[in-house]
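J.: Please work out how this folds:
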Amino acid sequence: MPALKLSRLIIRRKITPRMIAASLLGADAGDRAAGAIVCWMGQGTGLKGIFIGMTLVGVTPGGPMTHFPFMASFGKMGVGVGPLVAYLTAWSLYGLQRIIMWEIPFLGAKIVAFALP
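T.: Numbering: from 1, shown residues only. Sure thing, here's the model as predicted:
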């Protein structure tokens, strides 16, 4: 019984306040991040938004199950069509994770360097 009481005490005094604080801080950070993304890649950002869309692919690993939800959420945030198309095109051409994990081990670095546009 003492272990169960101690567990309840830890949950009540340590874990619950941290969960509440994390959810409140996470919601605030999400709003700020969405505003920054729309500022950088929103409607009317021009070539800057397209360049950011192309380079963002290098820091977002994963396959289509991660990239298409990113694109859908970016579109709902207000990101322009140009940066979204640049993001998708760069992902399909320069998938850094795909190149490192699959193409270089199987094809070799020389062939991959030649095949990259």
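J.: For V38, give its distance to V81.
T.: Applying CB to CB, to the nearest Å, the value for V38 to V81 is 13 Å. (Each C-beta comes from the backbone N, C-alpha and C, glycine too.)
J.: neighbour-wise, which of the two wins?
T.: V38 (17 against 10; other CB atoms under 10 Å).
J.: P83 is in contact with the more buried one, correct?
T.: No. Using CB atoms under 8 Å, V38 is not in contact with P83, being 10.3 Å away.
J.: Roughly how far does I50 sit from P83?
T.: Separation of I50 from P83 (CB to CB): 6 Å.
J.: So between these two, which is more surrounded?
T.: Applying other CB under 10 Å to I50 and P83 shows that P83 carries more neighbours, namely 28 against 20.
J.: Tell me the secondary structure of that one, please.
T.: helix (DSSP: H, G, I helix; E, B strand; the rest coil).
J.: Might one say that it is in contact with G49?
T.: Yes. Using CB under 8 Å, P83 makes contact with G49 at a distance of 4.1 Å.
J.: Common neighbours of the two, please.
T.: M41 (CB atoms under 8 Å, 6 or more residues apart in numbering).
J.: and W102, how many neighbours?
T.: 12.
J.: From G95, how far off is it?
T.: Taking CB to CB as the measure, W102 falls 9 Å from G95.
J.: quick one, phi psi at the residue nearest in space to the middle of the chain?
T.: The centroid of the chain falls nearest to T60 when counting by CA atoms, centre = their mean (4.8 Å). Backbone geometry at T60, expressed as degrees, to the nearest 10, gives phi -110, psi 100.
J.: The closest residue to it other than its chain neighbours is in what secondary structure piece?
T.: Leaving aside its sequence neighbours, T60 sits nearest to F70 (CB to CB, 6 or more residues apart in numbering; 6.2 Å). Assigned by DSSP states H and E, F70 falls within helix 64-77.
J.: Once you drop chain neighbours, what's closest to G75?
T.: L84 (6.1 Å).
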